[in-house]
Each structure stands twice: as structure tokens, then as C-alpha cells.
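Trainee: let me see the structure of the following:
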Amino acid sequence: MANIYKKVQQKYFEAVVDGRKQFEVRLADFKCKPGDTFVLQEQKPGTREFTGREVSCEILFKLNTKEVENFHTKEQLDKYGLVVLAIRRKYDKK
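Mentor: Next up is the predicted model:
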């Protein structure tokens, strides 16, 4: 399993740490697979400098948006774009 280091803006870093952001959208210019560790390094606002804080996350699922092109036409994608949703399974209360 690999460790992948990526910088992240402070507001997104905080959302990951708080548990509100459970997804990541990135340019697919690197290799990764489920089980790899994704290490997010917080940047100082308005700079490219690191604060020194980082958070490690396990990659659970990977979907390359190129795969989505099989489901929609280029015209649909150009018109609407894609939306990335963080979802959590809801359990029925019995």
C-alpha cells in the first residue's frame, strides 16, 4: 500500500478533520487504489506554504470521471457538468 501526499486548502482540511467532508476531488494525474493512505497537508491561506498539519485518510473507493463518460453524452456533460456527493447509508429505525 502506498502513501500519497497532497496539499489542501485550510477550509477543506478543516472539513475533513471535522468529518464533514468524506470525499476528495482531484486531477487524476497520480496512481492510487483502495487501501492506499491519502495524506492531506494543510496549506496556509493565500500561500502554497504548509502549516505543518496533516491528516491521513484511507482510500476506500476510487472512480475516475473518465468512466462516467460511458453513461452520459459529451453534450450532457458540457451542459450540466458533474456533481460529487458525500453520501452515507441511512438505516431504518425499527
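Trainee: count of neighbours near Lys79?
Mentor: Close neighbours of Lys79, defined as other Cβ atoms under 10 Å, add up to 9. Just so you know, the C-beta spots here come from the backbone N, C-alpha and C atoms, and that holds for glycine as well.
Trainee: so it is in which element?
Mentor: Assigned by DSSP states H and E, Lys79 belongs to helix 74-80.
Trainee: just the strands from the protein, written as ranges.
Mentor: Assigned by DSSP state E, the strands in the chain fall at 3-8, 37-43, 50-58.
Trainee: pick the most deeply packed of those.
Mentor: strand 37-43 (a mean of 18; mean count of other Cβ atoms under 10 Å).
Trainee: and it, how far from the chain's centre?
Mentor: 11 Å (Cα atoms, centre = their mean, to the nearest Å).
Trainee: residues touching that strand, excluding its own?
Mentor: Residues from elsewhere that reach strand 37-43 (Cβ atoms under 8 Å, 6 or more residues apart in numbering): 1-10, 12-13, 16, 24, 32, 49-59.
Trainee: do stretch 23-31 as well
Mentor: 2, 4, 6, 38, 40, 57, 64-66, 84-86.
Trainee: helix or strand with the lowest mean pLDDT in the protein?
Mentor: When the helices and strands of the chain are scored by mean pLDDT, DSSP states H and E, helix 65-68 comes last with a mean of 85.
Trainee: for Gly35, see how far away the most centrally placed residue in the chain is.
Mentor: The centroid of the chain falls nearest to Glu24 when counting by Cα atoms, centre = their mean (0.6 Å). Taking Cβ to Cβ, to the nearest Å as the measure, Glu24 falls 15 Å from Gly35.
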